[in-house]
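**Q** Sequence and computational prediction follow.
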Amino acid sequence: MQLDNATPTFLVTGSNGQVGFELRRSLAPLGHVVALDRSGCDLSRPDDIRRVVREYRPDVIVNPAAYTAVDKAESEAELAYAINATAAGVLAEEAKTLGSLLVHFSTDYVFDGTKAGAYVETDAVNPQSVYGKSKLAGEQAIAAAGGPNLVFRTCWVAGAHGGNFAKTMLKLGRERDSLRVIADQVGAPTTAALIADVTAQVVARHWLAGDRTAFASGIYHLAAAGETSWHGYASEVLRYSAAKGIELKVDPARIEPIPATAYPLAAPRPANSRLDTGKLRQTFGIYLPDWQQGVHHLLDQIFS
């Protein structure tokens, strides 16, 4: 495929995922967006990855695609590592050869969740699940490749496109008279739209328009401001929905808080998913709104 050499080309993987779908929108004003789903670029096949990158020769590779079935990964470790670790390394190697930027997305699951405060980028990693370990291995593979890169660690992602916690709570709130939601895990609900918009802002301001030799590569935490529990998140989703006239069976003020131990899962989740975003905000001049603002916007999209 021949593209205009004067206009930057963006290669986006996982284009039908929550973040990939929003990246197609946020990157469109910046240049040509080549958006590929699994049929266009299978990240479990390194040769497929290399072929696609060499065909399009993108200026920026944006990789939101991932193996995200957290519990299933415990029994599909080989596939999780192929997509989350090996593929990230291959993309980084190809980007370095081209002199391109790689933007990759990682997760709070690289931490064990035992810290009292919000995690900074230099805190010790200690993933407790196969998913978390595979994502950490992806970060390490990118660093080892040595090319220009941005690795955005984020948490509690939700988008209008695809399934997520907010949509599940809305569905259950319409169907059930009562709900029980975990109250001892804390993080910041972060919309796919915010992640995509921050990505576009950073790339436009500091890669396309700046001195690429001085580009501040590395890991950055990207999450909405503020914090809440899953219980608080569910309560806000249903409170806002009720205020917008959505008919619910459950009273948003009477959702029962429960401990994580009452809802056992195959893969452990961090009790603390809070990410300190100071490095991102100071380095790139990014403002991150409160999580409620993003959730309200997300729900408005769902309602419409």
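**A** In hand now; what should we look at?
**Q** Strands of the stretch 1-150 of the chain, start to end?
**A** Defined through DSSP state E, counting those that start in this stretch, the strands belonging to the stretch 1-150 of the chain, from first to last, are 9-12, 32-35, 60-63, 101-107, 149-154.
**Q** Which residue ranges of the stretch 1-150 of the chain form helices?
**A** 18-27, 46-56, 77-81, 87-98, 130-145 (DSSP state H, counting those that start in this stretch).
**Q** related to what we said a few turns ago, looking at the strands of the stretch 1-150 of the chain, which is closest to residue 239?
**A** strand 149-154 (24.3 Å; C-beta to C-beta). (Glycine included, C-beta is placed from N, CA and C.)
**Q** That closest one: what's the following helix or strand?
**A** Once strand 149-154 ends, the next helix or strand along the chain (criterion: DSSP states H and E) is strand 157-158.
**Q** Residue 225 is in contact with residue 288, correct?
**A** Yes. The pair residue 288 / residue 225 is scored as a contact, 5.0 Å apart, by C-beta atoms under 8 Å.
**Q** Which one's more surrounded, the two?
**A** Set side by side, residue 288 and residue 225 show more neighbours around residue 288, with 20 against 16, by other C-beta atoms under 10 Å.
**Q** Tell me the secondary structure at the more buried one.
**A** In three-state terms, and counting by DSSP: H, G, I helix; E, B strand; the rest coil, residue 288 is coil.
**Q** Tell me how far it lies from residue 280.
**A** Shown here: residue 288 relative to residue 280, a distance of 8 Å by C-beta to C-beta, to the nearest Å.
**Q** Please identify every residue contacting each of those two.
**A** 198, 222 (C-beta atoms under 8 Å, 6 or more residues apart in numbering).
**Q** for the stretch 151-300 of the chain, what spans make up the helices?
**A** 165-175, 192-202, 230-243, 278-284, 291-303.
**Q** possible to save the ones you listed as CSV with mean neighbour count and mean pLDDT?
**A** Formatted as CSV, the entries for the helices of the stretch 151-300 of the chain read as follows, by neighbours: other C-beta atoms under 10 Å; pLDDT from 0 to 100:
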stretch, mean neighbour count, mean pLDDT
helix 165-175, 17, 97
helix 192-202, 22, 98
helix 230-243, 21, 98
helix 278-284, 15, 97
helix 291-303, 18, 97
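**Q** For the residue nearest to residue 11 when sequence neighbours are not counted, what are phi and psi?
**A** Among residues not flanking residue 11 along the chain, residue 58 sits closest, at 3.8 Å (C-beta to C-beta, 6 or more residues apart in numbering). When quoted as degrees, to the nearest 10, the phi and psi of residue 58 stand at phi -70, psi 150.
**Q** of the helices of the stretch 1-150 of the chain, which approaches residue 174 most closely?
**A** Between residue 174 and the helices of the stretch 1-150 of the chain, the tightest spacing by C-beta to C-beta is seen for helix 18-27, at 21.6 Å.
**Q** what is the orientation angle of the closest one with helix 192-202?
**A** Between the axes of helix 18-27 and helix 192-202, defined by axes from the mean of the first three to the mean of the last three C-alpha atoms, to 10 degrees, the angle is 40 degrees.
**Q** For helix 18-27, which outside residues touch it?
**A** Against helix 18-27 from outside (C-beta under 8 Å, 6+ apart): 10, 12-15, 33, 35, 37, 62, 64-65, 105, 157-159, 161-162, 164, 192-193, 195-197, 199-200, 203.
**Q** Sort out which of these are buried, if you could.
**A** Using 16 or more other C-beta atoms under 10 Å as the burial test, those include 10, 12-15, 33, 35, 62, 64-65, 105, 157-159, 161, 164, 192-193, 195-197, 199-200, 203 as buried.
**Q** In contact with the residue nearest to residue 11, which residues?
**A** Counting by C-beta under 8 Å, 6+ apart, residue 58 has contacts 9, 10, 11, 34, 98, 100.
**Q** now for the residues you listed, which pair is the farthest apart?
**A** Maximum pairwise distance among the contacts of residue 58 (C-beta to C-beta): 13.7 Å, between 34 and 98.
**Q** between these two, which one's more packed in?
**A** Between residue 34 and residue 98, counting by other C-beta under 10 Å, residue 34 is the more crowded of the two (21 against 17).
**Q** show me what contacts the more buried one?
**A** Remark: with contacts taken as C-beta under 8 Å, 6+ apart, residue 34 is in contact with 1, 9, 10, 11, 12, 56, 58.
**Q** Show me the beta-bridge partners of it.
**A** Here residue 34 sits in beta bridges with residue 11, as judged by DSSP bridges.
**Q** quick one: it and residue 250, what's the gap?
**A** Distance from residue 34 to residue 250, by C-beta to C-beta: 44 Å.
**Q** I am finished for the moment; much appreciated.
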